[in-house]
Every structure is written in structure tokens, then in C-alpha cells.
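Student: Make a model of this:
(one chain, ligands or ions: 1)
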Amino acid sequence: MLTPLQKAFFWDQGYLRVEKLFGPKEIQALSDELDWVFETWADHNAQWQGPWRDQYLTEEQKKAAKLVAINDFHLHSALWNRVAADPRITEVVSDLIGPDVELHHTTLHAKPPAVGSPFPMHQDHAFYAHEGHAYVDTLLHIDPAPVESGCIQFLPGSHKAGALPHILDGAPHLPTDRYRLADAVSVAAGAGDLVLFHLCTVHGSDLNRSGQWRRIVRLGYRSPANRQTAGYALGRPGPMVLGRRPKGVAS
Ligand SMILES: O=C(O)CCC(=O)C(=O)O
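Tutor: Model prediction:
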């Protein structure tokens, strides 16, 4: 359960880190299962394209940069399906968006050592727009993510501006001259930590310059009453992981 201070921090800053939600043994089991997902289902050439890469990477880094990703892998693994409905996550999310919580999607972002691709500054609203505020993205950290691994970075309070127009050349991203990683707060995290953020919080991450993998799993949750208007999984109802879907509300 979140404290009043944690809730206030989330709504004011647009993000929050909750430490050690999962213990080392559990994270090891989740990591082992991810290895299977990785080998069997993942896209090993998944990095985002677009003109932003000229600002973030040298020519050499552009050639080497790599990302391994997969959407909705909880559909392929019973263990990860259980994680998506784990009360430690869903109750924290419920503290922010209310008693009824629907899973919207899961995504793995795995940055390989030394060459793990950066993400340009963006809002997730540009990928799956919703009408209201009752949507929380959560990042479950499978590996430690120190600053040098290309941990997640946020522009504090940026969610208060609402949805911003994105450049749609390649993956949606914000203008690189106005929205800079250099101005963002780095949220380094340990394995088992959960980082939550608002759909309109501007965020991105840098190249993985460490010698270790940086794997995070994003689990997106919404109130079933928060209508999606565009983007990924539009019109697809997700499983209720807490509470109930009231009759007549749109997914
Ligand atoms: O994995 C990362 O470093 C970036 C994550 C991100 O941009 C997102 O989850 O929307």
C-alpha cells in the first residue's frame, strides 16, 4: 500500500519508485522465465527508428545499438500472467487509480550490455491514448538498473501539461531540442523495484554503457472506465486484475 506521501509524490512529479516489491528469489525465477521468453518469442532487432537518433548516438553507436523487445508475453507464460495480476503490483496501482484495475499490456525492454539502445523522450500517451488520468505504467526491474545502464529518466511534473504533439517520423517522440535527457531525472533502480508513471509523463533513457543487461518489464494498467481513444490494443479488453468491470463502460 502506498503512503499518502508516495501518492502525493506520484501526482505531483508524475512518477514514483517503490523499492524491493519482489525479493531476490522471486526475481531469479522471473529472470529464468524471461530467458525462455527471450529465446522463444522476443524480437531481437526491435530498436526505435527516427531522426532523434542523430542527436542521441554517434554513427558508430547507431550501427551497434540494439534492443530486444516483445509485447504481451504474459500471454505465453503462466508465471508472467500471474505476475501481471500480483496483488503487490495491482494494489499499488489501485491506490492511484481506484478499486477496479484492468491489465492493458505487458512489454519487455531488454538493453544488451554496452550497446543497449536509448529511447527518445516521449509520452506513452502517444502510443496508447486514453481519455482520463486513470492509467499507470509500471516498470518491474529484473536487473539492477544503475544510471550507466540507461535507466529510466523522467521530466518531473511534465504530465501536468497533458498530451503533447509528437513527431511521427519513426517511433513517436518529442522534439530533441526542447525535450532533453540532460534535463531529466534519472531513476536508478534495483532488481525487484517497481517504477510507476503517468501516461503523460515525459520520459526516455540513454544508451546502456554498463557491462550488464538492463531488463525491465512494463505492465500497463487502467481503470476499465478510462476509455482508450487510439493506439496499441485499442478495443481489446484486458483481464480484470483487481475489482470488477462495471457493465456499460468502454474498454
Ligand atoms: O526501457 C526504457 O528504457 C524506456 C521505457 C519506455 O520508454 C517506456 O516504457 O515507455
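Student: all strands for the stretch 1-150 of the chain, in order.
Tutor: 15-18, 68-71, 101-111, 119-122, 128-130, 135-141 (DSSP state E, counting those that start in this stretch).
Student: Pick out the shakiest of those, pLDDT-wise.
Tutor: Lowest mean pLDDT within the strands of the stretch 1-150 of the chain: strand 68-71, at a mean of 92.
Student: That strand near the ligand at all?
Tutor: No. With CB under 6 Å from any ligand atom as the criterion, the ligand is not reached by strand 68-71; the gap is at least 8.7 Å. Glycine gets a C-beta too; all of them are placed from N, C-alpha and C.
Student: same question, stretch 121-139
Tutor: Yes. Legend: contact between stretch 121-139 and the ligand by CB under 6 Å from any ligand atom is shown at Asp124.
Student: Would you mind listing what in the stretch 51-200 of the chain touches the ligand?
Tutor: 109, 119, 124, 150, 152.
Student: make it 8 Å
Tutor: Residues of the stretch 51-200 of the chain found near the ligand (CB under 8 Å from any ligand atom) are 107, 109, 111, 118-119, 122, 124, 127, 137, 139, 150-152.
Student: May I ask which of these has the most neighbours?
Tutor: Neighbour counts for these (other CB atoms under 10 Å) peak at Lys111, which has 31 neighbours.
Student: Distance of it relative to Pro118?
Tutor: Distance of Lys111 to Pro118, given as CB to CB, to the nearest Å: 9 Å.
Student: Please enumerate the shared neighbours of those two.
Tutor: 150, 205 (CB atoms under 8 Å, 6 or more residues apart in numbering).
Student: ranges for the helices of the protein?
Tutor: Applying DSSP state H to the chain gives helices spanning 4-13, 24-40, 53-56, 59-64, 78-84, 87-97.
Student: Point out where the stretch 51-200 of the chain drops to low pLDDT.
Tutor: Nowhere does the stretch 51-200 of the chain drop to pLDDT under 70.
Student: Residues in contact with stretch 155-169: which ones?
Tutor: By CB under 8 Å, 6+ apart, the residues outside stretch 155-169 that reach it are 12-15, 50-52, 121-123, 125-126, 129, 172-175, 179, 183-185, 197-203.
Student: That one: which residues count as buried?
Tutor: 155-156, 158-159, 164, 166-167 (16 or more other CB atoms under 10 Å).
Student: Now the two most distant members of those residues.
Tutor: Pro156 and Ile167 (22.5 Å; CB to CB).
Student: And the pLDDT for the residue nearest the centre of the chain?
Tutor: Centroid-nearest residue in the chain, with CA atoms, centre = their mean: Arg218, separated by 3.9 Å. According to the prediction, Arg218 has pLDDT 98.
Student: Surely it touches Leu103?
Tutor: No. Here Arg218 lies out of contact with Leu103, judged by CB atoms under 8 Å, at a distance of 11.6 Å.
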